[in-house]
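> everything below, folded, please.
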Amino acid sequence: MAAVNVYPPADEGGRRVRVGGKILGRAFRVLDIAAFLQKSGLQDFDEMDVVRSDLIDWRGGGPEIWT
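Numbers count the residues shown, from 1 in each chain. The predicted structure is shown next:
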């Protein structure tokens with residue numbers, strides 16, 4: 001799987017999530033990112049995998065930053 005980019009929180013809330021060149025959507029919590037990745041083929045990915053994974057490039061703060 002390509003690197004996952006989680007962008008800084010937007011003014012209107014949430015963080016954009018991109019895999020490769022495709023925007024998967026806007027996440028409002030770690031669980032949302034896990035759901036995006038499960039739909040992208042990582043069926044066993046859960047919230048803890050999201051927090052610990054080296055696949056994810058957190059921009060503008062880590063998994064604890066949402067606003």
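> name every strand pairing with whichever strand or helix holds L24 and say which way it goes.
Under the criterion of DSSP states H and E, L24 resides in strand 22-27. Sheet pairing here is set by DSSP bridges, and for strand 22-27 it gives strand 15-19 (antiparallel).
> pull the strand it pairs with out as CSV, backbone CA atoms only.
As requested, C-alpha coordinates have been extracted for strand 15-19 and formatted as CSV (Å, rounded to 0.1, in the frame of the first residue of the first chain):
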residue,chain,number,x,y,z
ARG,A,15,-8.5,15.9,8.6
ARG,A,16,-8.2,14.9,4.9
VAL,A,17,-6.8,11.4,4.3
ARG,A,18,-5.0,10.5,1.1
VAL,A,19,-3.5,7.3,-0.1
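> any idea which helix is longest in the protein?
Determined from DSSP state H, the single longest helix within the chain is helix 30-39.
> report the buried residues of the next helix or strand after that one.
The first helix or strand that comes after helix 30-39 along the chain, using DSSP H and E, is helix 47-52. When neighbours are counted by 16 or more other Cβ atoms under 10 Å, the buried residues of helix 47-52 are found to be D49, V50. To be clear about C-beta, it is placed using only N, CA and C from the backbone, and glycine gets the same treatment.
> give me the mean pLDDT for stretch 30-48.
The pLDDT scores in stretch 30-48 average 93.
> just the endpoints, please. Distance across that stretch?
In terms of Cα to Cα, to the nearest Å, the two terminal residues of stretch 30-48 are separated by 9 Å.
> any idea how far it is from the chain center?
Offset of stretch 30-48 from its chain centre (Cα atoms, centre = their mean, to the nearest Å): 8 Å.
> using neighbour counts, pick out the buried residues of it.
The neighbour-count check on stretch 30-48 (16+ other Cβ under 10 Å) flags V30, D32, I33, A34, A35, F36, L37, S40, L42, F45 as buried.
> R15: neighbour count?
R15 has 25 neighbours, counted by other Cβ atoms under 10 Å.
> surely it meets A27?
Yes: R15 is within contact range of A27, at 5.3 Å (criterion: Cβ atoms under 8 Å).
> what do those two both touch?
Common contact partners of R15 and A27 (Cβ atoms under 8 Å, 6 or more residues apart in numbering): V6.
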